[in-house]
Every structure is written in structure tokens, then in C-alpha cells.
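Participant: fold the following, please.
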Amino acid sequence: MIGQTTTTYFQSLSSTSDDFTTLIASEWVATERLNANTNHTFASWPEFFGPQAAFGDEFTTTQRYNLANTLFDEAAVGDVNGGFVVYGYGNNSAPASAEPPYAAEDIIIVSSSSIFYRRATLREPSTNLASSFLTAYATQPVPSSWK
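Facilitator: Sure, this is the predicted structure:
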């Protein structure tokens, strides 16, 4: 319900409004994310939310950040002055002869379990498209340390 309401509200905004720039990178706005199945932005929250059946269970649709959207990029990293552009996109394009600094099989992404879900949008293209490895770690709280 929060996602549907926020996405619908966001879609009604002008791209120059303060609420638009505040919400563009929100996890509750689906229409600025790319559907990994189509490589197009989601048309609505229900399209994103799914559910999509896989491996005998149901999941939200796999998404990717739309790194070509500089307003999204700036909001996602908190660039209040504007001008942040992801390398390889917009006016920060990579030279045609540029090669990645590391081979995909040499990349290991380490993530804590507390941010594991939130960062799925970054990890999915890294692990599925480039065959990099993903490692998650977690600690179990010790009851005597609880306050």
C-alpha cells in the first residue's frame, strides 16, 4: 500500500518540484527503476511488486537502478549540488576503448545482512550479468550485550 500510494503520488509531480527530487530515489517509487526483464522503467507499483513466480516461490520483479537518469543518481548519493554522474553515463561517458579495471570473476561483493535486501538492485546485475561473487555475513547478537 505504501509503494502504490507513493508511486502514484510521485507520478503526479512535476520533475521540477521539491517532492519529485526528494522521492525519485525512494525505495517506494517503482517507476524510476528498470525492470530487469524488459530493461524499461516500471509503469506502476503493481508491475514492480508482482508477484513473479520463481523456484517454487513468489517474489517482486527484479529491478535495476536507472543509472542513465542523473536526477536519480544525484538523489541516491545525496548530491545536493547536482552534477554527480555515474561513470559510463551521460556526460561522464567511458571512452570507446575503455576496459573494466577488474574482470567480473575477480570481484567479490561483501554485504552485511542488515543491508542485504536493500542492495539487491546493485548486486543482481553484478552477480547475474557479470558472474561476480556475492558474500554476505551476519553476526548473532549475544543476549548479555542487549541493553
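Participant: could I get the full set of strands for the protein?
Facilitator: Counting by DSSP state E, the chain has strands at residues 33-35, 40-41, 52-54, 57-59, 63-65, 108-112, 133-137.
Participant: so what touches the first one?
Facilitator: For strand 33-35, contacts defined as CB atoms under 8 Å, 6 or more residues apart in numbering pick out His40, Thr41, Phe42, Glu47, Phe48, Thr61, Thr62, Gln63, Arg64, Tyr65, Asn66, Thr121. In short, each C-beta sits where N, CA and C put it, glycine included.
Participant: between which two of those is the distance greatest?
Facilitator: The most widely separated members of the contacts of strand 33-35, counting by CB to CB, are Glu47 and Tyr65 (16.7 Å).
Participant: neighbour count winner among those two?
Facilitator: Taking other CB atoms under 10 Å, Glu47 and Tyr65 do not tie; Tyr65 has more neighbours (18 against 15).
Participant: okay, that one: pLDDT?
Facilitator: At Tyr65 the predicted local confidence, pLDDT, stands at 87.
Participant: partners of Asp57 in the sheet?
Facilitator: Ala54 (DSSP bridges).
Participant: show me the shaky parts of this structure.
Facilitator: 109-147 (pLDDT under 70).
Participant: domains for it, by residue range?
Facilitator: 1-94, 99-147 (automatic domain parsing).
Participant: export stretch 47-63 to PDB, keeping only CA atoms.
Facilitator: Output of stretch 47-63 as PDB, limited to C-alpha atoms (Å, rounded to 0.1, in the frame of the first residue of the first chain):
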ATOM      1  CA  GLU A  47       4.100  -4.200 -12.200                       C
ATOM      2  CA  PHE A  48       7.100  -4.000  -9.900                       C
ATOM      3  CA  PHE A  49       5.500  -5.700  -6.900                       C
ATOM      4  CA  GLY A  50       4.400  -8.700  -8.900                       C
ATOM      5  CA  PRO A  51       4.400 -11.300  -7.700                       C
ATOM      6  CA  GLN A  52       6.700 -13.200 -10.000                       C
ATOM      7  CA  ALA A  53       6.900 -17.000  -9.600                       C
ATOM      8  CA  ALA A  54      10.400 -18.500  -9.400                       C
ATOM      9  CA  PHE A  55      11.900 -21.500  -7.700                       C
ATOM     10  CA  GLY A  56       8.500 -22.500  -6.200                       C
ATOM     11  CA  ASP A  57       8.000 -19.200  -4.500                       C
ATOM     12  CA  GLU A  58       6.800 -15.600  -5.400                       C
ATOM     13  CA  PHE A  59       9.000 -12.500  -5.500                       C
ATOM     14  CA  THR A  60       8.900  -8.900  -6.600                       C
ATOM     15  CA  THR A  61      10.100  -8.300 -10.100                       C
ATOM     16  CA  THR A  62      13.900  -8.000 -10.300                       C
ATOM     17  CA  GLN A  63      14.800  -4.300 -10.700                       C
END
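Participant: no more questions from me, cheers.
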